[in-house]
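Q: Predicted model, plus sequence, below.
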Amino acid sequence: MMSRLLLCCILLIVRLGRALQNPSTVVKVSSFAVPRAPSGLYFDDGGSNLLYILSGSPRNATGDHHLYVFTTEGQQQCLITIPRAAGVTGVDGFYISHNDTQAYIVDSQGPIWAGETRLGASVYQVDWTDPCGCDSGTCSHSEVTWTPFGNRQWSFVTATNANEKSSNDDGHFHGSGIVVMDKSFFGVQSVHSGDDAATPSHTSKSLVKMDMATSSRVARWPLDGSNKDILGRDDVDPSRLTCGPDRCVTSLVIADRNNHIYEMDLSSGKATKEWDLKEIALGPNDDGIITALAYARTTGYYYVGIQSTSMIHVVDLRDTVAGEADQDREGKGPVLGVDTT
């Protein structure tokens, strides 16, 4: 009896020690509303120093897509309308190259809607000169129409062998989120409905690295429960990607639809940090999911977009708690959650 009690005490002490050593804390700094539900988010570090918030119309709709330009404080600077006639079906990711000459658009529904009026690819590389004339935090135009002129596009397959396929896999890469690094990019292979809502096409949930020169996959991390060691959970539903403070030199930051954010070490392929944002993301109807994510080096904060509320939440994702866990951080908001597992 005493030995069992002693063992339990030892395990409890070890757990508490781990929790105090590296807790992951979410500090809510502020929030601001955007006109439409966000489907992608990018911070133009070193260029305009502004947030580009993507918002797509439903895949069957005839409406246009939109790209809103906001300051990190939440003031809209410009509205960019992407006409439906441009041929992009489902916009679920946006990225600007570090030299500000090219942009990348993720089309989650492109491959299954290929046709005369649709471009029909997974990812498009387009020439980029900021259509709003934005630079150093301000824009010279407040509203423009922009038809992306593509110079490259890629269509990828979901799996290279039968073991990687899930039920009803339609064989297409349905991406959501993108991070471009040199001649390759990281993308999330997620779950989307096919063109018949009654018989949706499901694709294996995973994080992939693609070589743009050869249009081939160079790495894959399954996130569908078959490899729980990667993010430490079997209920991960990946949705968006961004680089953190190290600009993806050693790690990648991943958001999932269960409203967790993970930092994954690229060398080991495993999560080293986890933040729980459910208290922020769920909203009044408990139906909020993360559909946009970006990190701004100018503020040191992450910007998290929620689909159901059309809100962008500004959060400080911290590694340690220095006596501030139960108090406001200089009036900027309370600590909303601590995950110590």
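A: Sure, I can see it. From a predicted model like this one, the values you see are computed outputs, not experimental measurements.

Q: Tell me the pLDDT of the nearest residue to Q76 once chain neighbours are set aside.
A: Distances taken as Cβ to Cβ, 6 or more residues apart in numbering put F70 closest to Q76, at 5.5 Å, once the chain neighbours are dropped. Where you see a C-beta, it was placed from the backbone N, CA and C, and this is true even at glycine. The per-residue pLDDT reported for F70 equals 98.

Q: Surely F70 touches P35?
A: No - in this structure, F70 is not within contact of P35 by Cβ atoms under 8 Å, at 10.4 Å.

Q: Between these two, which contacts overlap?
A: In terms of Cβ atoms under 8 Å, 6 or more residues apart in numbering, F70 and P35 are both contacted by the residues Q76.

Q: Give me the more crowded residue out of those two.
A: The residue with more neighbours, out of F70 and P35, is F70; 20 against 12, by other Cβ atoms under 10 Å.

Q: residues touching T71, list them.
A: L50, L51, Q77, G137.

Q: so which pair among those is furthest apart in space?
A: Spatial extent of those (Cβ to Cβ) is set by the pair L51 and G137 at 10.7 Å.

Q: Which of those two has more residues huddled nearby?
A: L51 (27 against 14).

Q: OK, contacts around the more buried one?
A: Contacts for L51 (Cβ under 8 Å, 6+ apart) come out as L41, Y42, F43, D44, V69, F70, T71, T72, A294, A296, Y303, I312.

Q: Pull the contacting residues for the third one.
A: It refers to F43. Shown in contact with F43 (Cβ under 8 Å, 6+ apart): N49, L50, L51, Y52, T72, A294, Y295, A296, R297, Y303.

Q: What pLDDT does the model give it?
A: For F43, pLDDT reads 97.

Q: Please look at S216 and K209 and confirm they touch.
A: No - using Cβ under 8 Å as the test, S216 is too far from K209 to be in contact (10.2 Å).

Q: Counting neighbours, go ahead and name the busier of the two.
A: More crowded of S216 and K209, by other Cβ under 10 Å: K209, with 17 against 13.

Q: what bridges to the more buried one?
A: For K209, the beta-bridge partners are F186, A219 (DSSP bridges).

Q: C139 versus that one, what's the distance?
A: Going from K209 to C139 by Cβ to Cβ, to the nearest Å gives 33 Å.

Q: cool, T145 as well?
A: As judged by Cβ to Cβ, T145 and C139 stand 15 Å apart.

Q: now, which of the contacts of T71 sits nearest T101?
A: So of the contacts of T71, ranked by how close each gets to T101 (Cβ to Cβ), first place is L50, at 17.0 Å.

Q: Now do the same contact list for that closest one.
A: F43, D44, V69, F70, T71, T72, Q77, C134, G137, C139.

Q: which stretches of the protein have low pLDDT?
A: Along the chain, segments meeting pLDDT under 70 span 1-23, 57-62, 113-117, 156-172, 190-204, 224-235, 283-287, 320-341.
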